[in-house]
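S.K.: coordinates only, sequence not included:
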């Protein structure tokens with residue numbers, strides 16, 4: 001699909017996408033790069049990172065891979081240092097690294113719960129904290145010569161209400177949304193914007209294959225916007241927007257990109273029935289208004 005943004009809207013920016021070697025993270029990195037940013041993607045497996053960098057390079061994106069773990073402060077700090085040495089700093093951080101699996105709450109082990117919390121929530125905090133000095137500088141610190149800096153935290157809609165078999169991931173994503181608001185509040189004075197994106201069901205991802213196997217049509221039926229699932233491109237475009245000057249005064253918000261899926265509920269009454277009932281009530285109202293205009297009164301039937 002053709003981007004609605006200018007191809008150089010992020011020219012001169014340096015961006016890092018954690019968990020950017022595959023899936024949604026890789027598409028985010030690709031689109032940020034196609035819009036002018038120099039890209040770094042991080043991940044735990046060097047082979048997958050190398051493949052991601054090759055794919056990005058083939059698309060004309062200037063890219064590098066950073067191997068390590070978002071749960072490790074040492075890894076996060078080393079990545080920021082590497083970007084400083086190679087490209088002079090960091091302007092855009094996208095926290096996309098995540099872990100998830102299906103589990104009933106009573107069978108979920110404490111270690112399983114902690115693992116998801118550590119990758120998703122602790123990883124988001126650890127990476128953001130490590131990146132803050134560079135982001136502060138990019139936002140216009142003394143002698144930086146740069147402008148604009150932001151963090152985008154990839155969340156979810158699992159926690160908006162509740163989701164079956166996802167107590168661990170729902171808790172982690174709710175914490176990320178809260179962290180997004182806290183960091184936006186605290187770092188705003190330094191010119192660093194912090195926002196989030198909450199993707200809904202995204203087609204062609206490992207998450208859909210693992211968390212809703214064989215349920216593509218069932219999930220699609222719960223998406224009000226034409227019943228279509230989202231794409232990785234949809235999420236990437238939202239990140240491009242939040243990283244661009246168009247969102248210069250947007251901070252502390254989590255943008256839901258799910259076709260209104262999180263608000264879905266089954267219809268109690270079909271559209272045709274509502275339409276017929278509405279026409280009947282409207283007709284009665286007009287009749288009453290006409291009678292009143294003639295000085296008469298006409299009772300309205302109760303529905």
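M.R.: Now that the structure is in, tell me what you want to look at. Quick caveat, the model's predicted, so the values are computed rather than measured. Numbering: from 1, shown residues only.
S.K.: beta-bridge partners for the most centrally placed residue in the chain, please?
M.R.: The residue lying closest to the centre of the chain (Cα atoms, centre = their mean) is residue 197, at 2.4 Å. Bridge pairing for residue 197 (DSSP bridges) gives the partners residue 154, residue 255.
S.K.: how far away is it from residue 95?
M.R.: In this view, residue 197 and residue 95 are 10 Å apart by Cβ to Cβ, to the nearest Å. In short, each C-beta sits where N, CA and C put it, glycine included.
S.K.: shared neighbours of the two, anything?
M.R.: Counting by Cβ atoms under 8 Å, 6 or more residues apart in numbering, the residues touching both residue 197 and residue 95 are 152-154.
S.K.: could I get the residues you listed as JSON lines with pLDDT and distance to residue 218?
M.R.: JSON lines is the format used below for the shared contacts of residue 197 and residue 95 (pLDDT from 0 to 100; distance: Cβ to Cβ, whole Å):
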{"residue": "152", "pLDDT": "98", "distance to residue 218": "30"}
{"residue": "153", "pLDDT": "98", "distance to residue 218": "29"}
{"residue": "154", "pLDDT": "98", "distance to residue 218": "24"}
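S.K.: so how do I select the buried members of those in PyMOL?
M.R.: Of the shared contacts of residue 197 and residue 95, the buried ones go into a single PyMOL selection, burial set by 16 or more other Cβ atoms under 10 Å:
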select buried, resi 152+153+154
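S.K.: rebuild the shared contacts of residue 197 and residue 95 as TSV, extending it with distance to residue 68.
M.R.: What follows is those, written out as TSV (distance: Cβ to Cβ, whole Å):
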residue	distance to residue 68
152	20
153	19
154	18
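S.K.: for the shared contacts of residue 197 and residue 95, which one is nearest residue 108?
M.R.: residue 154 (22.4 Å; Cβ to Cβ).
S.K.: residues contacting that closest one?
M.R.: Residues in contact with residue 154 (Cβ under 8 Å, 6+ apart) are 24-25, 28, 94-96, 98, 196-197, 199, 235.
S.K.: same thing with residue 67?
M.R.: For residue 67, the contact set (Cβ under 8 Å, 6+ apart) comprises 42-46, 49.
S.K.: next step: those restricted to strands.
M.R.: The strands, defined by DSSP state E, take in 42-43 from those.
S.K.: any idea which of the contacts of residue 67 has the most stuff around it?
M.R.: When neighbours are counted by other Cβ atoms under 10 Å, residue 42 leads these with 27 neighbours.
S.K.: please report the distance of that residue from residue 247.
M.R.: Look at residue 42 and residue 247: by Cβ to Cβ, they are 23 Å apart.
S.K.: go on, residue 170?
M.R.: Counting by Cβ to Cβ - residue 170 and residue 247 are separated by 27 Å.
S.K.: next: residue 148.
M.R.: 10 Å.
S.K.: low pLDDT regions in the protein?
M.R.: The model of the chain has pLDDT under 70 over residues 141-147, 208-214, 285-303.
S.K.: closest to residue 62 among the contacts of residue 154?
M.R.: Nearest to residue 62 among the contacts of residue 154: residue 28, at 15.5 Å, using Cβ to Cβ.
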